[in-house]
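Trainee: What follows is a predicted structure for the sequence shown.
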Amino acid sequence: MASSKPRVVITHWVHDDVIDHLHQFSTPVPVASRTVLSRDEVLARARDADGLLACMTDRVDDDLLDRCPRLRVISATLKGYDNFDGAACTRHGVWLTALPHQLTAPTAELCVGLIIGLMRHVAAGDRHVRSGAFCGWRPELYGSGLAGSTVGMIGMGAIGQALARRLRAFDAGVLYHDVRPLTPEREAELDVRRASLDELLAASHVVLPLLPLRDDTAGLLGRSALARMRTGAYLVNISRGSVVDEAAVADALESGRLGGYAADVFAVEDWARADRPGRIDPTLLKHPHTLFTPHLGSGVDDVRRAMSHAAVDQIAQALDGARPEYAVNELT
C-alpha cells in the first residue's frame with residue numbers, strides 16, 4: 001500500500017539522523033552518496049513531491065515550480081537564497097524558507113583563517129615543505145600581520161559583526177561601509193567605525209565584501225574599485241563569487257595592485273546569473289598569491305547537521321499547515 005505521508009525530496013546528501021527526522025512526518029527521498037542532484041534529477045524526483053529539502057546548487061524558478069505542482073514548501077539549507085525565486089514561490093503558493101543565523105560563526109571562523117593564511121603565505125609555505133626543499137628556517141616568505149592593520153568590511157550584517165568581534169583579538173582596526181549604519185552603541189561595543197566606500201578602499205589593508213548577490217552588488221569589486229584600494233592590499237571573498245570581478249582581480253594580482261586574493265566562493269557557483277561563467281578564471285587559479293577553499297564556510301560537521309535539522313523543522317511546520325518560522329515569503 002502506498003504511503004499516505006507527504007513525500008519530501010532531498011537534493012543533496014544529509015546525515016542519517018536527518019533522514020530519520022523526516023521519517024517522523026513524511027516519506028523522504030534521499031541521496032545515497034555524498035553528492036548533489038543535477039537539475040534534471042531534481043525535476044524527475046520532485047514532480048510529485050510535497051516538500052523539497054534544497055541546497056545552494058539548486059535553482060528554484062517558475063519552470064521548476066510549474067513542473068512540480070504538488071510542492072508546498074521548499075526549505076533551503078543556506079542563508080543567501082539568490083538562486084531561489086521567492087516571488088515565483090509566492091505565485092505558486094509555495095513556502096520558501098532559509099536559515100538566518102546557523103552559518104554565522106563557522107563562516108566568520110573560516111574568513112579569519114583565509115585572511116591569516118593569505119597574509120602569512122601559508123599555502124606557499126605548505127608547498128615548500130612538501131617539495132622536500134625545506135631544511136630549516138630561512139629569511140623568506142615574509143608576509144603581513146593582522147596586528148595594527150585595518151580591515152574594511154563592505155556590509156555589516158551578522159557575519160560582519162561576528163568577524164569584528166573575532167578581529168579584536170588580533171588587534172586589528174575595523175572600518176565598515178553599510179547603507180544601514182549600526183547604532184553608536186553597537187559601533188562602540190564592536191569597536192568599528194563607519195566609512196564611505198572610497199575611504200574604506202583607500203585605507204584598508206584587507207577588504208572583505210560581505211554582501212548578498214543582487215543587481216547592485218554584482219561586480220562591485222571590479223576594476224574601478226580595485227584601482228581605489230591601497231597598493232598591496234588583500235581581498236578576501238566569502239560572500240558570493242560574482243560580487244567581485246574575477247578577471248579584474250587576476251589582472252590586479254598580475255600588476256601588483258593586489259597583494260593577494262582569497263576566496264571560498266566563485267562566480268561559477270552563482271546559478272542566479274544567466275551568464276555565469278563555466279569555469280574559474282585559469283589565470284586566477286595559477287597565481288601564487290591566492291588561497292582558495294571549495295565553499296567551506298558552513299563546512300563544520302555538527303553545524304551542517306544542525307542546519308539540516310532546522311531546515312527539516314521548516315518543512316514539518318509548513319506541511320502541518322503553519323507558517324514556517326524561517327519563511328522568507330508570505331502566502332495569503
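Mentor: Happy to help now that I have it. Numbering: from 1, shown residues only.

Trainee: what kind of secondary structure is V8 in?
Mentor: Under the three-state scheme (DSSP: H, G, I helix; E, B strand; the rest coil), the conformation of V8 reads as strand.

Trainee: can you pull up the bridge partners for it?
Mentor: According to DSSP bridges, the partner residues bridging V8 are P28, G51.

Trainee: So L78 is in contact with A98, correct?
Mentor: Yes: counting by Cβ atoms under 8 Å, A98 is a contact partner of L78 at 6.1 Å. To be clear about C-beta, it is placed using only N, CA and C from the backbone, and glycine gets the same treatment.

Trainee: secondary structure element for the residue most central in space within the chain?
Mentor: Nearest to the centroid of the C-alpha atoms of the chain, with distances taken as Cα atoms, centre = their mean, sits S239, at 4.7 Å. In the assignment (DSSP states H and E), S239 maps to no helix and no strand.

Trainee: May I have the distance across stretch 71-80, first residue to last?
Mentor: The first residue of stretch 71-80 is 21 Å away from its last residue (Cα to Cα, to the nearest Å).

Trainee: residue ranges for the helices of the stretch 151-300 of the chain, please.
Mentor: Counting by DSSP state H, counting those that start in this stretch, one finds helices in the stretch 151-300 of the chain at the ranges 158-167, 184-190, 197-203, 223-228, 246-255, 282-286.

Trainee: Can you say which of those helices is packed in most?
Mentor: Mean neighbours per residue, mean count of other Cβ atoms under 10 Å, is largest over the helices of the stretch 151-300 of the chain for helix 158-167, with a mean of 21.

Trainee: tell me what that one is packed against?
Mentor: Applying 3 or more Cβ pairs under 8 Å, 6 or more residues apart in numbering; DSSP states H and E, one finds that helix 158-167 makes contact with helix 104-119, strand 150-154, strand 173-177, helix 184-190.

Trainee: circling back to that earlier point, dump the helices of the stretch 151-300 of the chain to CSV, plus distance to T293.
Mentor: Below are the helices of the stretch 151-300 of the chain laid out as CSV (distance: least, Cβ to Cβ, whole Å):
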stretch, distance to T293
helix 158-167, 16
helix 184-190, 26
helix 197-203, 24
helix 223-228, 22
helix 246-255, 15
helix 282-286, 13
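
Trainee: A272: which of those helices is closest?
Mentor: When the helices of the stretch 151-300 of the chain are ranked by distance to A272, counting by Cβ to Cβ, first place goes to helix 246-255 at 16.3 Å.

Trainee: What is the closest one packed up against?
Mentor: For helix 246-255, the packing partners by 3+ Cβ pairs under 8 Å, 6+ apart come out as helix 223-228, strand 258-263, helix 282-286.

Trainee: follow-up on the earlier one: the residue nearest to the centre of the chain touches A218, doesn't it?
Mentor: No: in this structure, S239 sits apart from A218 without contact. The criterion is Cβ under 8 Å, and the distance is 11.4 Å.

Trainee: Using PDB, write out the CA atom coordinates for stretch 223-232.
Mentor: The C-alpha atoms that make up stretch 223-232 are tabulated as PDB, following Å, rounded to 0.1, in the frame of the first residue of the first chain:
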ATOM      1  CA  ARG A 223      38.500  47.400 -11.900                       C
ATOM      2  CA  SER A 224      37.400  50.800 -10.600                       C
ATOM      3  CA  ALA A 225      37.100  49.700  -7.000                       C
ATOM      4  CA  LEU A 226      40.300  47.700  -7.200                       C
ATOM      5  CA  ALA A 227      42.200  50.700  -8.500                       C
ATOM      6  CA  ARG A 228      41.000  52.700  -5.400                       C
ATOM      7  CA  MET A 229      42.400  50.200  -3.000                       C
ATOM      8  CA  ARG A 230      45.800  50.800  -1.400                       C
ATOM      9  CA  THR A 231      48.600  49.100  -3.300                       C
ATOM     10  CA  GLY A 232      49.400  45.600  -1.900                       C
END
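
Trainee: What are the contacting residues of it?
Mentor: When contacts are defined by Cβ atoms under 8 Å, 6 or more residues apart in numbering, stretch 223-232 is touched by residues 197-198, 201-205, 207, 235, 245, 248-249, 251-252, 256-259.

Trainee: What of stretch 325-332?
Mentor: The contact list for stretch 325-332, computed with Cβ under 8 Å, 6+ apart, reads 81, 86-87, 89-90, 93, 95-100, 310, 313-314, 317, 323.
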